[in-house]
Each structure stands twice: as structure tokens, then as C-alpha cells.
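J.: quick one, fold the following:
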Amino acid sequence: MIERTLRSDTSYGRRLRQRLNRTTSPWLVVSFLATATATAQDESAPSAYTAAQAAAGRADYATYCAACHGADLAGVAGAPPLAGAPFLARWGARTIGELVRYTELTMPPADAGGLTDDEYAGVTAYMLEMNEAAPGAAPLSAASSIAIASVAAAPTPAAGAAAAADVPLGVTVAGRVENFEPLTDAVLRDPDPADWPMIRRDYGASNYSPLSQINRGNIDSLELAWVYSMTDRDGRDQPAPMAYNGVIYVNNPPNVMQALDGRTGELIWETRVSGPLNYHPMRGSALYGDKLYVATTEAHLLALDAATGGIVWEAVLGDRGDGGFTASSGPIVANGKVLQGMGTCQQYRDEKCFIGAFDAATGEELWRFETVARDGVPGGDTWNGLPDIFRAGGDVWITGSYDPELNLAYFGVAQAKPWMRASRKTGDGAALYTTSTLALDVDTGELAWYFQHAPGETVDLDEVFERVLIDDDGQKLVVTIGKPGIIWKLDRETGQYLDHAETMFQNVFTSIDPETGRPEYREDIVGQRVGNWVQICPGLSGGHNWPAMGFHKPTRRLVIPLMQACNELLPLDVPLEPGLTSVGAGWRAYELPGSNGNLGRLAAFDLGSLEEVWSFEQRVPFMSSALTTAGGLVFIGDLDRSLKAFDVETGDVLWQTRLGTAVQGFPISYSIDGRQYVAVPTGWGAGAQLFYVSAILEEPLRVPEAGSALYVFALGE
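T.: Presented below is the predicted three-dimensional model:
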């Protein structure tokens, strides 16, 4: 179907071909992370650019580049850094002219080559300035043969440390939650209907509220009760608020925690848990006992006093001998242990990413399970003989689930890195334990079972997202959906494959074995070669991504946010060098066939049959999780600032409003003194989804970069 569309001479086919030729992304073409130090700038270095060029380039960079690469060129939304050691490791040995020509070919992603020659030269000059290259009298030219490392240098670590030191850590606004009641294991196993004490509300990750005061019959009376502006200090904002005993605990970008009065929105206390120099999102935190547990964006795990926000203990995830890690979703507390996964696992290094368990009282590391199997351990023979140091990936960047009866924790694991087999050189090896569901014994960290959804995953369609635990007619299920847009139903005691359903058009797998659930890739995907484009539907944004599904318990329906976009991918030749790796490939984006230009979709599926019950499509993608309630409602927000309430039975839109910026993160519902509230976060930095939307939409989509806030609604009194 896609091939026919691309060959067709319709106006849509012509526009699509033109768009494919123009929308190769610069930030996924290659993203090297390095530990190497760049060559210091020589005092006799030749003139690389003029100060006037850099000044003009600063303005153009802010317009065309900062949304993805960050105001300080540190990299945002998955885009690589354009300053410092990572940039110089990639570009230091190449010439200024090559950088200009590369930028012309790939920037901006929705209009590659669309700027003037002077604008491209100015942006390049600004990049050089930000890498400590000195201006001179001769202007920058696309014909320049000056090696970048001969004029540029990475800022010294001391400068970054000094900048971070300027930001006070710990409690920044003092206060106290009065009469705080510690949360016990029993409370977390069966939360009070009035509370939302963890990300996705319960251990089963249901995203379901048993409150029904707000319902189909009175939704028209829903109105704004209060709004609180959160921190807008750079970074991506995808928060997962919690509500407990009338207090809301919410993460802010970057690395700020706040406690708010759930009735009025008054700030009770605020704590900065880390510096501002990281642009990954924070998606959640956890309450247990008298503590609030937070994972910072650079993968530090902290315990705060939940009543005051004071820091009780801090643990560092990983040894950090070869560089840092990140964490973008918070922990889950199970049986007195704080369980946390890691991100930024793409570097070729001795240390591998892992899921760790930490003592809730002291922060002591109790066990770790590495998500990349080394040679000589179970699963280690699935990497095609690749030396351990070149086995990368296995990020765990979504909070897990927990079954207290089985004492098992369930996590999804992302893909191997680099994404494509031709780049990472693993052949047809399964590359365990990537792209898998893991069931781990909470006391020991031992693997109870695993199910690999796509052995040897090779087109960045990973399965890292939420694991929903459901009891159905006496059978214990774990249900999940990943980027391929396929719902998977597994037995959560044994890991046995039970069923699956495709929620949208996909052309990646030719078949899925009905007995084992093992998928088979298209022949050209398996036989991919460096330099040859490979077409995939759904694309890199995923048929489903981090905006989590909701399980509506009364109707036994899975309500799932979906994204209808495709990509072509270009495998790259990635050198096997310690300290380096590539997370991706070149890409071009286009709409999913049959979507009628609607990138966003919300659909409900029957748990038993996995058949679709209803579906709603719209032009822009949904960017929040799906909150379902006992009042028969589904609340969800989108990239274009709209918050909607759907009838869970019919899929009809019953109510909607427009908020300050993109509605993204995790809506929740809670109750105080018998009054039900719905709290919805907004924020900027939609990541890959925003990139793909910008590359596909012909009409402009203007999402304010400020406006991180928590909007709280209730029925009019």
C-alpha cells in the first residue's frame, strides 16, 4: 500500500515523496557518546568565523534548533549534544565545511535545506562559539577546510561543575505536611479510593480511579478548581503526580519535587534533588513509609522525608567509571525495596545497565539484574559472539509493576543498541534480555521468567512500556503494548504467551506464531545493509509509546493512546570503539496508510477477545496517559493543548477544554472530604512525537515552550 502511494501521481503522493526527500533527521543519523577529550585550542588557530556571524546564528539557532538540541546545545528530546566532548568526538577531526554541508542536508528536519546559505553559516558559527572557538576577521565559509578540533575545545568540567554548584540543592521552600501518616505495604496493596499513591495508581499499573462523583451525567459541570505553575527551568516535562491524604506530590523539570495542598494548590514544600544540567524528563516518584523516593535525571536515587522534603539518603545507580547514566521514570517500592531501572545505555562500556533494588530505609544496594547478558551467563550466547564491551542497550526507562502474592516485579526492557542489526553487528542473534518482559524475584533479583517480544529487534520498535497486571477468570495476566502497536497477553506466573492483537496497520512482521508468539520480520528487514533504506510502519515514535494505557475495570477494557506514523530508516556503519556507540539511524517520516492524516488515535479493546470496541482519531497525537474512572470516563490530553473526556462505553467526546501548553504526563483523580478532583499536568518537550509531527504536518503546530503547570478540575459547587 505504501509503495503504491509513493509511486502514485496524486497530489498526496507527490507531497509525500517530496516530504520523504526532505525530512531526514539530523539528530538520529548518528549520535556518538564519547569519553575522549577534544584537542585543546591553539593560540595560533586560524580564523573560523566572525563575531557577527555567531550573533546572527544565535538567533537562528533559537528559532530552528533549540527546541531539539537545547538552549545550551546540550541536547533535548533525544537530540544529540552540539557542544562539549560528545560533539567534538564526532566532529573534531572533520572540517568546518563538512559541518556546514551536513547541516544544510539535514536541518531543520521538517525543511532540510530550507534556510539561506548565510543562515547555515551563522548557525555553524554559533556552534563553534559554543565550543570555545575564538572569532576572527575572516567569515566562515562552506568551503572551509579548517579542522574543527584545531579551533574548538570542550568546556572544562570545572565550568559545568561551577554552574551546577550555583543551584542550591535540598529544600528550597520549607514547610511541613501536617499529620503525615506513613504508608504501609497493606496501604499500597489496596489504596484508599480517595488516593493515588504511586505512578499509574496501583501495583497493577491500571491508571483506573474507583471514584465516580464525576461521571457521564454531570461532566458538563466540570470546571477549573485551581492551577499551579510548575518550574519552567528547561528540560522535558512529563510528570506523574501522586495524591495521598489530601496532598499532591509532583515532579517538576528538571529535578524538583513539590508538595501541594490538594484543595487549594498552595505550595507546602519544594526540594531540588539535583542540578538543572540534564534534559531528560522525570515521570514519577514513589511513596513508602515516611519517605518519598525520587530518581533524578542523571540516575541518582534519593529518599526524601515526605512530610518536609528533606533529603534522607542518596544512592548512585552504577559505578560511573565510564560515564553517566540517566533515569526518566521513577521507582516502584516493593516489599521494603526500592526498584529502579536506568537509561542512556547506548555507550560501549564495561558496565551495563541494570534494574537495581535498594533498601528503602538506608539506600543500600541489595541486588542488581543486568539487562544485557554477558558472555558466559544465561542468554549471553545470543549476541552473535560480540565481545561484551560492544553489547549495549537494554534501557529500563519505564516504572515497573509488582505482584505482592507472587513477589514478582515486572519490567519492560528496551532494544539493543545500535538499533539496527546491520549497525550493531549481532546478526540474527536474539540479544537478550532486550525487547523483553522480565519477571524478577523481589527478594533476590533472580530471573523468574522472561518473554522476548521481538528477538534481535532491529528497527527501534522496543517493548519497554507499562506492564498491566490483571486477574481474569482466575488467570493472572500481564498485558503490555509496545512500539509495534501489538497488544501482548502473557501468563504472569510463567511468562507463557497467551494471545496478541495488532491495533493498527504494521508491515514489520510478516507473521506471529500462534503457539509461541514469536514474530518473523520481513526479509528485507532481516537482510538490511548499511546505506540502504528500510521502511517500517509504525515508525520510531511507536504505535504506542510512554503515554500509558488505562484499564477500565468495570467494562474490562484496555484504553490505549496510539500514534499513526511511519518511517524509513537508514542503517549506518558504526565503528566498534570503546566509549562510542550510535543510538540510531537516518530517518524519514510519513503518515500511516489508512490514517487519513490523523496521527493521534485513542482506542478501546476488550480484555478477553482483544477486539477493538471503539476508536477515535485526530490530527495530533495524544501525549498523556489514559485515566479511566468508575464514573465511566476516560481523560486524556494531546500535543495541541486539548484535554478531553470520553465515554468509556462509546468513545464519544463528552467534554473538552484547552490548556496552556501540551497536555502530557499522567492525569490522576483523587478525593478530599468527599469532593472528587481530576489533576492534569501540562509541559513542553514532547520528544520524538513532536519531531515526527513537525516532519509530517504541512500546517504549523505551535506549542508554547513555557507553561508547565498542574490543572485541577472538579464539579462546580
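
J.: contacts for the helix or strand hosting Ile355?
T.: Counting by DSSP states H and E, the element that carries Ile355 is strand 354-359. Residues outside strand 354-359 that contact it (C-beta atoms under 8 Å, 6 or more residues apart in numbering) are 301, 315, 317-318, 336-342, 364-371, 396, 400, 409, 411, 438, 440, 442, 445. Any C-beta I mention is one placed from the backbone N, CA and C, and that applies to glycine too.

J.: pLDDT averaged over that strand - what is it?
T.: What strand 354-359 shows for mean pLDDT is 98.

J.: just stretch 623-640 next, same as before
T.: 97.

J.: how many residues are close by the closest residue to Asp524 other than its chain neighbours?
T.: Counting by C-beta to C-beta, 6 or more residues apart in numbering, Asp524 lies nearest to Val534, which is 6.5 Å off, once chain neighbours are set aside. By the measure other C-beta atoms under 10 Å, the count of residues near Val534 is 21.

J.: swap in Thr516?
T.: 10.

J.: surely it touches Tyr497?
T.: Yes - if you go by C-beta atoms under 8 Å, Thr516 and Tyr497 touch, sitting 5.9 Å apart.

J.: which elements pack onto the helix or strand containing Arg601?
T.: Using DSSP H and E, the element containing Arg601 is strand 600-606. Applying 3 or more C-beta pairs under 8 Å, 6 or more residues apart in numbering; DSSP states H and E, we find strand 600-606 packed against strand 557-563, strand 612-618, strand 633-637.

J.: if we go to 6 Å?
T.: If you count contacts as 3 or more C-beta pairs under 6 Å, 6 or more residues apart in numbering; DSSP states H and E, strand 600-606 packs onto strand 557-563, strand 612-618.

J.: parallel or antiparallel, list what pairs with it.
T.: Here strand 600-606 is paired, per DSSP bridges, with strand 557-563 (antiparallel), strand 612-618 (antiparallel).

J.: contacts for the first one, please.
T.: What that stands for is strand 557-563. With C-beta atoms under 6 Å, 6 or more residues apart in numbering as the test, strand 557-563 has contacts from 541-544, 547, 549-551, 601-605, 621-622, 626, 628, 634.

J.: ok, stretch 435-442 next?
T.: 334-335, 369, 407-411, 413, 415, 448-454, 457, 462-463.

J.: what subset of those is buried?
T.: Buried by 16 or more other C-beta atoms under 10 Å: 334, 369, 408-411, 413, 415, 448-454, 457, 462-463, out of these.

J.: picking up where we left off before, packed most tightly, which of the helices and strands packed on strand 600-606 would that be?
T.: Each of the helices and strands packed on strand 600-606 was scored by mean neighbour count; the highest is strand 557-563, a mean of 25, by mean count of other C-beta atoms under 10 Å.

J.: next SSE downstream of that one?
T.: Assignment by DSSP H and E places the next element after strand 557-563 at strand 565-570.

J.: list the neighbouring strands of the strand holding Ile355 plus their orientation.
T.: strand 337-340 (antiparallel), strand 365-370 (antiparallel).

J.: tell me the mean pLDDT for the last one?
T.: Per-region confidence: strand 365-370 scores 98 on mean pLDDT.

J.: that one: how far from the chain's middle?
T.: How far strand 365-370 lies from its chain's middle: 23 Å, per C-alpha atoms, centre = their mean, to the nearest Å.

J.: not counting it itself, show me its contacts.
T.: By C-beta under 6 Å, 6+ apart, strand 365-370 touches Lys352, Phe354, Ile355, Gly356, Ala357, Phe358, Asp359, Leu440, Gly445.

J.: change it to 10 Å
T.: Applying C-beta atoms under 10 Å, 6 or more residues apart in numbering, the external contacts of strand 365-370 come out as 301, 315-318, 336-339, 341-342, 351-360, 377, 379, 391, 394, 396, 409, 411, 433, 438, 440-447.

J.: now, of the residues you listed, which are buried?
T.: Among the contacts of strand 365-370, those classed as buried by 16+ other C-beta under 10 Å are 301, 315, 317-318, 337-339, 341-342, 351-358, 360, 379, 391, 394, 396, 409, 411, 433, 438, 440-442, 445.

J.: for Ala695, which of the helices and strands packed on strand 600-606 is the nearest?
T.: For Ala695, the closest of the helices and strands packed on strand 600-606 is strand 557-563, at 13.1 Å, according to C-beta to C-beta.

J.: between strand 633-637 and the closest one, find me the angle.
T.: Between strand 557-563 and strand 633-637, the angle comes out at 20 degrees (axes from the mean of the first three to the mean of the last three C-alpha atoms, to 10 degrees).

J.: could you dump the strands paired with strand 354-359 to TSV with distance to Arg201?
T.: Listed next are those as TSV, based on distance: least, C-beta to C-beta, whole Å:
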stretch	distance to Arg201
strand 337-340	17
strand 365-370	26
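
J.: list just the one of those strands that sits closest to Asp473.
T.: Smallest distance to Asp473 across these (C-beta to C-beta): 29.1 Å, for strand 337-340.

J.: pLDDT on that closest one, on average?
T.: The model assigns strand 337-340 a mean pLDDT of 98.

J.: can you give the contact residues for that strand?
T.: 286, 288, 291, 293, 295, 299, 301-303, 315, 317, 327, 329-333, 354-361, 363, 365-367, 369, 396, 399-400, 402, 409, 411, 440, 442-443, 445.

J.: off-centre distance for that strand?
T.: 20 Å.

J.: stretch 657-669 now?
T.: Counting by C-alpha atoms, centre = their mean, stretch 657-669 comes out at 17 Å from the chain centroid.

J.: in it, what's buried?
T.: Going by neighbour count (16+ other C-beta under 10 Å), the buried part of stretch 657-669 is Thr657, Leu659, Gly660, Thr661, Ala662, Val663, Gln664, Gly665, Phe666, Pro667, Ile668, Ser669.

J.: give me the subset of those that lies in strands.
T.: Assigned to strands by DSSP state E, the following of the buried residues of stretch 657-669 qualify: Thr657, Ile668, Ser669.

J.: ok, so of those, who is nearest Glu520?
T.: Of these, the one sitting nearest to Glu520 (C-beta to C-beta) turns out to be Ile668, at 40.2 Å.

J.: which residue packs closest to that closest one, ignoring adjacent ones?
T.: In space, Ile668 is closest to Trp196, 4.3 Å off (C-beta to C-beta, 6+ apart).

J.: check Gln676 too.
T.: Nearest one to Gln676, counting by C-beta to C-beta, 6+ apart, is Gln213 at 4.0 Å.

J.: which residues sit in contact with the residue nearest the centre of the chain?
T.: In the chain, the residue lying closest to the centroid (C-alpha atoms, centre = their mean) is Trp546, at 5.9 Å. Trp546 makes contact with 238, 281, 283, 328-329, 397-398, 464-466, 561, 623, 625, 664-666, 687-689, according to C-beta under 10 Å, 6+ apart.

J.: before we move on, what about Arg467?
T.: Counted by C-beta under 10 Å, 6+ apart, Arg467 has contacts 200, 204-205, 398-403, 409-412, 437-439, 478-480, 488, 490, 492.
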